[in-house]
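Chemist: Next come a sequence and a model predicted from it.
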Amino acid sequence: MAKITHDPIAFSNAKIFGASTTQEMDLGARAVGGDGSEYRYVKVGGTALVAGKLYDGPATIDNHQNLAVNTAASAGATTISVTLGGTAATANQYAGGYIVINDEDGEGYTYSIKSHPAQSTTTGSLTVTLADGETVQEALTTSSEASLVANQYSAIIIHAATETGVAVGVAIDDIAASSYGWIKTRGPVALLQDSSAGNAGQAVAASTTTDGAGTVGTGALAPIGIYIDDGTSTEYNPVFLMMS
C-alpha cells in the first residue's frame, strides 16, 4: 500500500488561487478551505485551465490496459514488468499512478508506481518500480495480466463531450499549460452549463455535448454535484460539487 500521509492541508480559501511552474507538493494532495470546501493539487496538461470549466484526469490509453506480465514476480518483489500493447511509454508517465493486476495469478491487487524508464518500442517491455515500502503481495506469473493507471491529477485535460477519462474537478482560476495549482472538488463553485438548464436540488453530471461543461444528471454519467439554484443554459451556474 501507498504510504499513509498527514491530514489534508487546511488554509484560507484565498491561497488556492494562482499557480507555479514547479511542483510544490504531491499531485492529488487534498486541501480544505476555511468554509469546508475541498481542493486537489494538480499538474495542468498541454492546454491552459479556464476557470469554471470541468476537467478530467489523463485519457486512458487502451494499449496500456490488460497487458501480459512478461516476467514472473515472487511475493516481496519491488518491480513488475509488462509488455506494452502497441503504444510506447515516456519516462515516468505512470509515476504516482497505479498498476492493477486484472487477471490470473495475483489478480485483484493494486500497487502504487514510484517510477519507470521510457520505452520507445510500442510492444516492448516496461518495468515499473513500486512505491517505497510496497511489494508484490501475491506472486505473479507470465499468465498474469495488468493495467497501467495514470495519476488522475497529472496532466489534467478539459472534460470532453465524448468521455476519455475520469472527471476530477472544476478549475477555480486560469492556469497556464504545464503549470501546477489547485482545482475544486467539493463545495460551491461556478460551472459552465451546456444547453440544458438544471433546477435547484437536481443532480449535476458531466456534459455529453459540451466540453468542460455540466449538465442535468440523467444517469448517463456519474453525478458530480447538485444545482444550488435554477440554472441558465450556456452560462456559469452555481453548483455544489461533491467529488471527493
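Modeler: Sure, I can see it. Just so we're clear, the structure is a prediction, and the values are computed from it rather than from any experiment.
Chemist: CA only for contacts and neighbour counts going forward, please
Modeler: Noted.
Chemist: so how far is stretch 236-244 off the chain centroid?
Modeler: Distance of stretch 236-244 from the chain centroid (Cα atoms, centre = their mean, to the nearest Å) equals 17 Å.
Chemist: What are the buried residues along it?
Modeler: By neighbour count with 16 or more other Cα atoms under 10 Å, stretch 236-244 contains the buried residues 236-243.
Chemist: average pLDDT for that stretch?
Modeler: In this model, stretch 236-244 carries a mean pLDDT of 95.
Chemist: And for stretch 187-197?
Modeler: Across stretch 187-197, the average pLDDT comes to 96.
Chemist: Please report the distance of the residue nearest to A222 when sequence neighbours are not counted from V166.
Modeler: Distances taken as Cα to Cα, 6 or more residues apart in numbering place A205 nearest to A222, at 6.1 Å, with adjacent residues excluded. In this view, A205 and V166 are 12 Å apart by Cα to Cα, to the nearest Å.
Chemist: The two - which one has more neighbours?
Modeler: Ranked by neighbour count (other Cα atoms under 10 Å), A205 and V166 place A205 first, with 21 against 18.
Chemist: secondary structure class for that one?
Modeler: Here A205 is strand, with the state taken from DSSP: H, G, I helix; E, B strand; the rest coil.
Chemist: Give me the distance between it and H116.
Modeler: For A205 relative to H116 (Cα to Cα), the value is 35 Å.
Chemist: and what of A139?
Modeler: Using Cα to Cα, A139 is found at 20 Å from H116.
Chemist: more crowded one of the two?
Modeler: Using other Cα under 10 Å, the more surrounded residue of A139 and H116 is H116, with 20 against 15.
Chemist: which phi and psi does that one have?
Modeler: Main-chain torsions, H116, degrees, to the nearest 10: phi -170, psi 150.
Chemist: wait, isn't it in contact with A131?
Modeler: No - applying Cα atoms under 8 Å, one finds H116 not in contact with A131, separated by 10.9 Å.
Chemist: Pop the domain breakdown of this protein in here.
Modeler: Here the domain assignment for the chain is 9-58+154-242, 62-149, based on automatic domain parsing.
Chemist: first to last residue in the longest one, what's the distance?
Modeler: Taking Cα to Cα, domain 9-58+154-242 runs 18 Å from one end to the other.
Chemist: strands paired with the strand of greatest length in the chain, and their directions?
Modeler: Counting residues, the longest strand found in the chain (DSSP state E) is strand 180-192. Looking at strand 180-192 with DSSP bridges, its partner strands are strand 19-20 (antiparallel), strand 38-43 (antiparallel), strand 167-171 (antiparallel), strand 236-242 (antiparallel).
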